[in-house]
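In: Would you be able to build a 3D model of this:
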Amino acid sequence: MTKERLYLYDTTLRDGQQTQGVQFSTPEKAQIAAVLDELGVDYVEGGWPGANPTDSEFFETRPKMKATFTAFGMTKRAGMSAENDDVLAAVMNAGAPAVCLVGKTHDFHVDTALGITLEENTVNIRRTMEYLVAQGREALFDAEHFFDGYKSNPDYALEAVKAAYEAGARWIVLCDTNGGALPREVYEITKAVIAAGIPGDHLGIHTHNDTEHAVANSLAAIDAGARQVQGTLNGLGERCGNANLTTLIPTLLLKEPYASKYDIGVSMSALEGLTRASRLLDDILNRVPMKQAAYVGASAFAHKAGLHASAILKDPSTYEHIEPSVVGNERVIPMSNQAGQSNLRKRLADAGLAVEKGNGALGRILNRIKEREAEGYSYDSAQASFELLARDELGLRETFFDVERYRVISERRRNARGHIVVESEAVVTVQLTGGKQTTSYFKNENADELHDKGPVNALWQALKMDLGAYQAEIDGVKLVDFKVRITNGGIEAVTRVIIDFEDEAGRRWSTVGVSANIIDASFQALEDAINWKLVHNRMVAAQ
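Out: Have a look, this model is predicted:
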């Protein structure tokens, strides 16, 4: 059976940039565009030329790509021609081969937002699309508020999109702009549009996630006949976000009936880069990846309960809907006080520690985990600290250094400019193997109200400043996330700190520390991080 072509349209760089707190620089846009192109999407929407300096600069220096580079804008304004609309001119002058223009299709918005007649709005849509086609551009019409408009006045909503299609628009994109439609509505309305004379291979779908149905609504539109689907990496977008391409893409490639029915631009080999693409975007945004994200989340293939892990060892399909590596992810067997020996042996094997069934150390490790978690530790998301604990019980823990003492001081004061600053300094004394002792001092110099760095950073810098023969191994390690949790309240409060690290090879690991003192809890996690890195380096070298 010949597969139908389904086109993927990414709007991360435009609609995704409308996420609260998100603003891409021009180099960041170029980096994201390259990842999208490598993934295999068909269209990359670069932004709105003329709307802001960054978007204008990006179009001036746009990267070369296989995907169709697309500019976004709006249909011409009433009272002027398409040729003389300066806002539209900025979009056209960007030189993108495809142009997607938004226009009103909901009578309420035409009356209230534009203040013109429905007939005038239809003329604006038609004349704009005719102008795009005459200029040799691939024309896309973004039918704003289409589903709400259809429910309010189906005759006018259809009139508006038919005007764009008859004027030569390659794609009519039906937009659930407010994100309030449900899958059955999207399916039935998309069917109605096709029945009205706009073929499915000219229809696109653009959904928002305000009812958590953006992906479901996109699939409903595809089921109804739409052949272009729009979305963003990690579901970025206004309010609750857009349809998440990191969910849609693997669903279309791996799940039936889509896998057998449609051909998309993403190959199976490119799909293996999906998790990397998702996490790269989070890195650029300095955001912690959502662990529960479908397909690409760190917990998407995590199996905590002992019963689950036991079955996973026999056949991973017992509790996994796909093989994790297909999307570039990996299976995780976290350790917790719910764990059994099946979890433990699998997790030890993943760490390169083969322990036979019945080994007495397994019971000791489980007991120690349960004792430590009763004190407030959590090894569920701190795999590196778990591995060090296991090595202790197995007699495989190598000692690289001992911390004799540390001291950290923070000072809040006004600087010479009268601004309040907080500066921290730390001293760490370390006893190295071989008898050498080093004392390192670090101060957060020139801190100001915009760039304060706290005591944990000062401790981290001092700890890794001089570790003698091990120094070169840990120079590339950086702290990428810091999480704090109070596990008990009141005067007996205990603080749990989990810290994520990354090295020069992009490898990530997490460690945990617990104490009534947040600084000491942090220091435990920092110390574990360096020890795990040194242990891991020796394992790699021995392979």
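In: what's the single longest helix in the chain?
Out: helix 518-542 (DSSP state H).
In: Could you list every helix and strand that that one packs against?
Out: helix 383-394, strand 401-414, helix 455-463, helix 471-474, strand 478-486, strand 495-502, strand 508-515 (3 or more CB pairs under 8 Å, 6 or more residues apart in numbering; DSSP states H and E). Every residue, glycine included, has its C-beta placed from N, CA and C.
In: between the ones you listed, which gets the lowest average pLDDT?
Out: Lowest mean pLDDT within the helices and strands packed on helix 518-542: strand 478-486, a mean of 87.
In: List the strands paired with that one, with their directions.
Out: strand 495-502 (antiparallel) (DSSP bridges).
In: Next, the angle helix 518-542 makes with the partner strand.
Out: 40 degrees (axes from the mean of the first three to the mean of the last three CA atoms, to 10 degrees).
In: Can you show me the CA trace of strand 495-502 as PDB?
Out: Only the C-alpha atoms of strand 495-502 are listed here, as PDB (Å, rounded to 0.1, in the frame of the first residue of the first chain):
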ATOM      1  CA  THR A 495      17.000  19.300  54.000                       C
ATOM      2  CA  ARG A 496      17.500  17.100  50.900                       C
ATOM      3  CA  VAL A 497      19.600  18.500  48.100                       C
ATOM      4  CA  ILE A 498      19.800  16.800  44.700                       C
ATOM      5  CA  ILE A 499      22.300  18.200  42.200                       C
ATOM      6  CA  ASP A 500      22.600  17.400  38.500                       C
ATOM      7  CA  PHE A 501      26.000  17.600  36.800                       C
ATOM      8  CA  GLU A 502      27.400  17.400  33.300                       C
END
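In: Taking helix 383-394 as reference, get the angle to that strand.
Out: 100 degrees.
In: Figure out how far strand 495-502 is from the centre of its chain.
Out: Relative to the chain's own centre, strand 495-502 is displaced by 20 Å; criterion: CA atoms, centre = their mean, to the nearest Å.
In: And stretch 288-302, by the same measure?
Out: With CA atoms, centre = their mean, you get 10 Å for stretch 288-302.
In: Need the distance between the two termini of it.
Out: 17 Å (CA to CA, to the nearest Å).
In: Buried ones in it, by neighbour count?
Out: For stretch 288-302, a neighbour-count test (16 or more other CB atoms under 10 Å) marks 289-290, 293-298, 300-302 as buried.
In: Pipe those into TSV and attach secondary structure per row.
Out: Putting the buried residues of stretch 288-302 into TSV (DSSP: H, G, I helix; E, B strand; the rest coil) gives the following:
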residue	secondary structure
Pro289	coil
Met290	coil
Ala293	coil
Ala294	coil
Tyr295	coil
Val296	coil
Gly297	coil
Ala298	coil
Ala300	coil
Phe301	coil
Ala302	strand
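In: Now do the longest helix of the chain against strand 401-414, angle only.
Out: Using the same axes, to 10 degrees: helix 518-542 against strand 401-414 is 140 degrees.
In: Number the residues from 564 up from this point.
Out: Understood, numbering begins at 564; the last thing we discussed is helix 1081-1105.
In: pLDDT (mean, whole number) over helix 1081-1105?
Out: On average, helix 1081-1105 scores 94.
In: wait, isn't Phe704 in contact with Leu695?
Out: No - with contact defined as CB atoms under 8 Å, Phe704 does not count as touching Leu695 (9.1 Å).
In: chain center to the longest helix of the chain, what's the gap?
Out: 26 Å.
In: buried stuff in it?
Out: Here helix 1081-1105 shows 1081-1099 as buried, counting by 16+ other CB under 10 Å.
In: Kindly report the same for stretch 645-655.
Out: Neighbour-count burial for stretch 645-655, counted by 16+ other CB under 10 Å, picks out 645, 648, 650-655.
In: Which single one of the residues you listed is nearest to Arg842?
Out: Taking CB to CB as the measure, Val654 is the one of the buried residues of stretch 645-655 closest to Arg842, at 32.3 Å.
In: From the chain's centroid, how far away is whichever strand or helix holds Met655?
Out: Element membership of Met655 [criterion: DSSP states H and E] is helix 649-656. Centroid separation between helix 649-656 and its chain, computed with CA atoms, centre = their mean, is 32 Å.
In: okay, the helices and strands packed on helix 1081-1105 in JSON lines with mean neighbour count and distance to Asp826 next?
Out: Output for the helices and strands packed on helix 1081-1105, formatted as JSON lines (neighbours: other CB atoms under 10 Å; distance: least, CB to CB, whole Å):
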{"stretch": "helix 946-957", "mean neighbour count": "22", "distance to Asp826": "39"}
{"stretch": "strand 964-977", "mean neighbour count": "13", "distance to Asp826": "56"}
{"stretch": "helix 1018-1026", "mean neighbour count": "23", "distance to Asp826": "49"}
{"stretch": "helix 1034-1037", "mean neighbour count": "14", "distance to Asp826": "47"}
{"stretch": "strand 1041-1049", "mean neighbour count": "14", "distance to Asp826": "38"}
{"stretch": "strand 1058-1065", "mean neighbour count": "22", "distance to Asp826": "37"}
{"stretch": "strand 1071-1078", "mean neighbour count": "22", "distance to Asp826": "34"}
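In: could you dump the ones you listed to CSV with distance to Glu682?
Out: CSV is the format used below for these (distance: least, CB to CB, whole Å):
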stretch, distance to Glu682
helix 946-957, 64
strand 964-977, 65
helix 1018-1026, 63
helix 1034-1037, 70
strand 1041-1049, 55
strand 1058-1065, 58
strand 1071-1078, 58
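In: mind putting the buried residues of stretch 851-865 in a markdown table, pLDDT and distance to Asn807 included?
Out: Below are these laid out as a markdown table (pLDDT from 0 to 100; distance: CB to CB, whole Å):
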| residue | pLDDT | distance to Asn807 |
| --- | --- | --- |
| Pro852 | 82 | 13 |
| Met853 | 90 | 10 |
| Ala856 | 96 | 8 |
| Ala857 | 97 | 8 |
| Tyr858 | 97 | 9 |
| Val859 | 96 | 9 |
| Gly860 | 92 | 11 |
| Ala861 | 81 | 16 |
| Ala863 | 92 | 13 |
| Phe864 | 87 | 18 |
| Ala865 | 80 | 19 |
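In: how about the residues you listed in TSV, adding distance to Pro887?
Out: Formatted as TSV, the buried residues of stretch 851-865 follow (distance: CB to CB, whole Å):
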residue	distance to Pro887
Pro852	15
Met853	16
Ala856	13
Ala857	12
Tyr858	9
Val859	10
Gly860	11
Ala861	11
Ala863	7
Phe864	4
Ala865	10
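In: low-confidence ranges in this protein?
Out: 564, 867-873, 875-876, 896-903, 905-906, 1008-1015, 1051-1055 (pLDDT under 70).
In: ok, 50 please
Out: Residue ranges of the chain with pLDDT under 50: 900, 1010-1015.
In: ok so, going back, between the longest helix of the chain and strand 1071-1078, how many degrees?
Out: Using the same axes, to 10 degrees: helix 1081-1105 against strand 1071-1078 is 140 degrees.
In: re earlier: return the member of the buried residues of stretch 645-655 nearest to Ile768.
Out: Val654 (22.6 Å).
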